[in-house]
Structure formats: structure tokens, C-alpha cells
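> With the sequence up front, the predicted model follows.
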Amino acid sequence: MKKLQLGLIFGGRSCEHEVSVISALQLSRSVDRAKYDLYPIYISKSGEWFSGAALLDLGTYREPILYAKPGEFERVTLDITAHSGALTAVRPGKWLYSRPKTVILTHLDCIIPVMHGLHGEDGSLQGLLEMADIPYTSSGVVGSAAGMDKIIMKQVFRGAGIPVLEDQAVLRSKWLSSPEKVCDRVESTLAYPVFVKPANLGSSIGVSRANNRGELKAALHLACEYDRRILVEQGLDHPIEVNCSVLGFDDDAVASVLEMPSTGGDVLGFFEKYLKGSGAKGMASLARTIPAPVGDALTRKVKALSLKVFSLLDCKGVVRIDWMIDPATDELYITEINTIPGSMSFYLWKESEPRLRYHKLIDKLVEMALKAHQEKTDNNYAYRSDLFDKMSLTGSKGSKGTKA
């Protein structure tokens, strides 16, 4: 049987670049090479695309200069012509004065984006793959974009009746021009503590807790370094965090077992997620309790709401949805959805029904990507009209001013 040509895209122009690399290398070790030819596609921090076996070695990224391994990887380009899937490289000619030639490395059948943050998890890469008409395993353009932007995300959740904490949105321009007015507005609607977050970042980068006005100013100053739009969210004292992964496509989706990360009574920061344990294992190295000891009733509620969120954003593949419980009231609130979760949440699926080892989870992701692509192919794009025949381009006001 012919192997599927599988692309693995990671890295990118994001503050979460290193997290993406770790997640991708972790996934690559579980790909069934009897089924797939794997092509790592690394996007550097400057936006260059590379492919080559050396990119699956963590040591490559520890070099002072990435180009320290010439010949072991090369710059590549993805042909975005619909249905092509060609991954190409330009190589020098065989002889001294020979012209460079474009070489097709493969025609990709499917792509797994393991991108975290902007320019990859936010719908931009998904839009590119839609234009190229290549099946991909992550959520689509709309779900990815809404899931990345915390301000828009919360408005969508609020409108759908998903429980969210109160918040205020702040523009960097407003903060820089009128910092006292911004603080006044926040304090008039939210009680301390509050959490300040860049709207379009993950991995807890740029996130701070503020217990007073001085800390609020410092938190806003930090968040504004990472984004022009900031979310200030009502905080909880010693919240209980539980996470749930959802896997599926369309109306065929299942929720995983719940996890309770070891937060130490506060929201997890970047250090706790990626540096405190074994950083090479990403989110999988985080100390956690599985299943989360929150009782059957709350477990069922979290799973049901997680499936609702998955459907609401028309997600695909695997996502992780994070929740907080107020220990004072037992009220449940959604924190966020991660449409490309750290470590692809494989550690939850090996403990869930059906129990999926990482290589089987990858198989499911590819299966869903191909199914979603077939659904798109089944749409009618062949509608024809005689509009051109009936139009006269003698008008001077564009399409509205032409004569039929």
C-alpha cells in the first residue's frame, strides 16, 4: 500500500515558537512510518520555510545559528495551486555554471499543523491550506481565528450561553494615551484580583495577576508589549482548574477524561507548563491528576459544555478546553479553547475511552482531515451564470454602474 505523504508544519513567527518545536518533535516520534512518509516543515522566526531530516533533532535548534548544519535541510516552498500539494526546493545545478533547478520533494496528501500562537494557530495558516486545497488536521479558519483571540472568543461564548467571567477589553493606544482612565474603567467594573492577558497569545506568555492598581499598571504594561489588544478578566481566589480535550469532526466528537493540573492554587504560568519539569516533553511533563477529582456531576457538565464549544466553533481534530471552578461557589467558567493544544493532548487520550496511544491519535487526526476535505470537495463549486454575456462594461461606476 502506498504511504501517505504527511507534512508536519511547526515553528513560526510567534512567541510560542519553541513550544511549537517541542510539540512537533514529540509528535514526530510517534508517527507510524509504515503508513506515512513524514516531511518536517519548519518555519523559522523570520518566516523562512525549511525541510530535512535534521529538523527532527532537537540539537539542531540548540546551535547558535540554525544554518550550522548545511546540507541536512534546505529551504522549501509549498505550491499553493489548488490540488497540487507540491513541496519544492531550489537546488544549485550540477556544474559550476549550471542554472539552479526546482525539485519537487513530494506531493503532500495531508498536513499536521503543530503551531502555537499567531501565524499558525490563528487561522492564517489554515487559510493558506484552504487555498492550496490540502487536507489538514487542525480546526478551520473561523474556529482557529475565534479560538486564538481571547476577546472575540469570550463574546462568542457569552452569546452562546457558555459561562464566562466578566472582563474588559483594552486597546494599547488607549493605555498609552490615558493609563489612569483605563485603570478607572477596569476598577469600575471588575474587582481585584484581575488577570491581564494579551488577546492573541497562549502558553501564559504575558499573563499577569493584579491585586491592586499598581500591579494592574505593571500587568498592562507587560501585556502591551505582546499585543495591541488586551483582555482584563475578573479573577478568582485559588481557582480549581480542569481541562478537557475533544476529538472529532462534524457531529462525531467525543470528550476525554478530565485533568486537574497542579496549579498550586493559581493559574499556570509559562515556567510551570514548560520549564519546571522536563521541557523536552512539553505539556505532557506537567504534574496533573487524571481523572480530575471533581465528582461525577461536574465531570458530566464539563464534558457536555466542552462538546458544545467544539461544535460552536466548528472545530476539527483535537482541541483542549480549559475551565475554572470557583471553590467558594462551585461555579464553572470557561478559560479558553486551544485549537492546537500543547502535546496535542495525547496524554489525555491514552487515559480516555477509546484509549488511544499517540500513534493511533495521529491516525485519527489524519482520518478526520481527509474526511473534512472530502466534505469540502462534495460542495458545488460549478454554478454557472450568463452574467458576463449580459454585462456591458460601458459604465464608469463599477459593477453597480454597468448596464445589463
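Received the coordinates, thanks.
> burial count for the closest residue in space to residue 158 that isn't next to it in sequence?
Distance criterion C-beta to C-beta, 6 or more residues apart in numbering; nearest residue to residue 158, sequence neighbours excluded, is residue 164 at 5.3 Å. Just so you know, the C-beta spots here come from the backbone N, C-alpha and C atoms, and that holds for glycine as well. Applying other C-beta atoms under 10 Å, we find 18 residues neighbouring residue 164.
> tell me which element residue 164 falls in.
Under DSSP states H and E, no helix or strand contains residue 164.
> Residue 333 is in contact with that one, correct?
Yes - counting by C-beta atoms under 8 Å, residue 164 touches residue 333, with 6.0 Å between them.
> Common neighbours of these two, please.
Here residue 164 and residue 333 have no joint contacts, going by C-beta atoms under 8 Å, 6 or more residues apart in numbering.
> rewinding a little: where does the residue nearest to residue 158 land on pLDDT?
For residue 164, the pLDDT comes out at 98.
> Backbone dihedrals for it, please?
phi -130, psi 160 (degrees, to the nearest 10).
> ok, now residue 208?
Here residue 208 shows phi and psi, under degrees, to the nearest 10, equal to phi -140, psi 150.
> After the helix or strand bottoming out on mean pLDDT in the chain, which helix or strand is next? Please name it.
Among the helices and strands of the chain, helix 270 carries the lowest confidence by mean pLDDT, DSSP states H and E, at a mean of 43. As assigned by DSSP H and E, the chain's next helix or strand after helix 270 is strand 288-289.
> Tell me which other helices or strands that following strand touches.
Helices and strands touching strand 288-289, by 3 or more C-beta pairs under 8 Å, 6 or more residues apart in numbering; DSSP states H and E, are strand 252-261.
> List the strands paired with the strand it packs on, with their directions.
Looking at strand 252-261 with DSSP bridges, its partner strands are strand 240-249 (antiparallel), strand 288-289 (antiparallel).
> any idea of the mean pLDDT for it?
97.
> Same check on stretch 371-385?
87.
> go on, stretch 208-220?
Stretch 208-220 comes out at a mean pLDDT of 96.
> Okay, buried residues for that stretch please.
208-210, 215-217, 219-220 (16 or more other C-beta atoms under 10 Å).
> So what touches that stretch?
170, 175, 179, 182-183, 186-187, 192-196, 222-223, 230, 232, 235, 266-267.
> mind checking the SS state of the nearest residue to residue 309 once chain neighbours are set aside?
Distances taken as C-beta to C-beta, 6+ apart place residue 321 nearest to residue 309, at 5.5 Å, with adjacent residues excluded. Three-state assignment for residue 321 (DSSP: H, G, I helix; E, B strand; the rest coil): strand.
> residues in contact with residue 321?
243-246, 305-306, 309-310, 334, 336-338.
> Please identify which two of these are farthest apart in space.
305 and 338 (15.4 Å; C-beta to C-beta).
> can you map out the helices along the protein?
17-28, 124-132, 141-148, 150-159, 172-177, 179-189, 213-223, 270, 296-312, 346-349, 358-377, 387-390 (DSSP state H).
> per-stretch mean pLDDT over the ones you listed, give me the minimum one.
helix 270 - the lowest mean pLDDT of those, at a mean of 43.
> which of the helices of the chain is buried the deepest?
helix 346-349 (a mean of 24; mean count of other C-beta atoms under 10 Å).
> would you turn the helices of the chain into CSV with distance to residue 102?
Listed next are the helices of the chain as CSV, based on distance: least, C-beta to C-beta, whole Å:
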stretch, distance to residue 102
helix 17-28, 26
helix 124-132, 17
helix 141-148, 29
helix 150-159, 40
helix 172-177, 43
helix 179-189, 52
helix 213-223, 44
helix 270, 41
helix 296-312, 41
helix 346-349, 37
helix 358-377, 26
helix 387-390, 35
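> Quick one, which of the ones you listed gets closest to residue 200.
Evaluated with C-beta to C-beta, these place helix 141-148 nearest to residue 200, the distance being 5.6 Å.
> wait, residue 343 sits on residue 25?
No - using C-beta under 8 Å as the test, residue 343 is too far from residue 25 to be in contact (10.9 Å).
> Just the buried positions in stretch 95-106, please.
Buried residues in stretch 95-106 (16+ other C-beta under 10 Å): residue 105.
> Give me the distance from it to the chain's centre.
35 Å (C-alpha atoms, centre = their mean, to the nearest Å).
> Show me what that stretch is in contact with.
By C-beta under 8 Å, 6+ apart, stretch 95-106 touches 5, 37, 39, 51, 76, 86-93.
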